[in-house]
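Student: model this:
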Amino acid sequence: RQLHSMFVFQMDTTPDSYLDLFPLDAIVYLTPDSENILEDIDPDKVYVLGGLVDESIHKQLTLRRAQEQSLQTARLPIREYMVKAPNSRNYHSETLAINQVFDVLSTYYETRSWPAALRAGVSSGKGYVLPDKAEH
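Tutor: Numbers count the residues shown, from 1 in each chain. Modelled structure (predicted):
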């Protein structure tokens, strides 16, 4: 039997920038280029997901934007909990879609388990798997 989350998420839309809505020291800009590992979710922080939406991946662009705005940055602990899976394209990417990041964060918030959270949000197409799923 599978348990279903009882979380309800409220979403508001506004033309205002997150920079105008929240104190700078409360904002954590999530970017795969950050040197800071997201180790836990702080309920007093505001996490920016997909602060920049683009079809192509521009290395360091989201990190530079966060630095220009004097924001704290963090990345999901993909490297710390997952391993590169062998694949024919030798493709490995830590860049996730907004819904994948949301799935990771909401699952972590519910379970307090990074392996469970990363399993929920990081598809095998990204080239990373949990160690127990790695093919030898």
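
Student: Run through who's touching whichever strand or helix holds Pro115.
Tutor: Following DSSP states H and E, the helix or strand that holds Pro115 is helix 114-121. Residues outside helix 114-121 that contact it (Cβ atoms under 8 Å, 6 or more residues apart in numbering): 76-78, 80-82, 96, 100-105, 107-108, 111, 128, 130. Glycine gets a C-beta too; all of them are placed from N, C-alpha and C.

Student: Out of these, which end up buried?
Tutor: Buried members of the contacts of helix 114-121, counted by 16 or more other Cβ atoms under 10 Å: 76-78, 81-82, 96, 100-105, 107-108, 128, 130.

Student: Identify, from those, the entry nearest to Asp12.
Tutor: Asp12 lies nearest to Phe102 out of the buried ones among the contacts of helix 114-121, by Cβ to Cβ, at 15.3 Å.

Student: between the buried ones among the contacts of helix 114-121, which is nearest Leu61?
Tutor: Here the nearest of the buried ones among the contacts of helix 114-121 to Leu61, counting by Cβ to Cβ, is Leu96; it sits at 15.2 Å.
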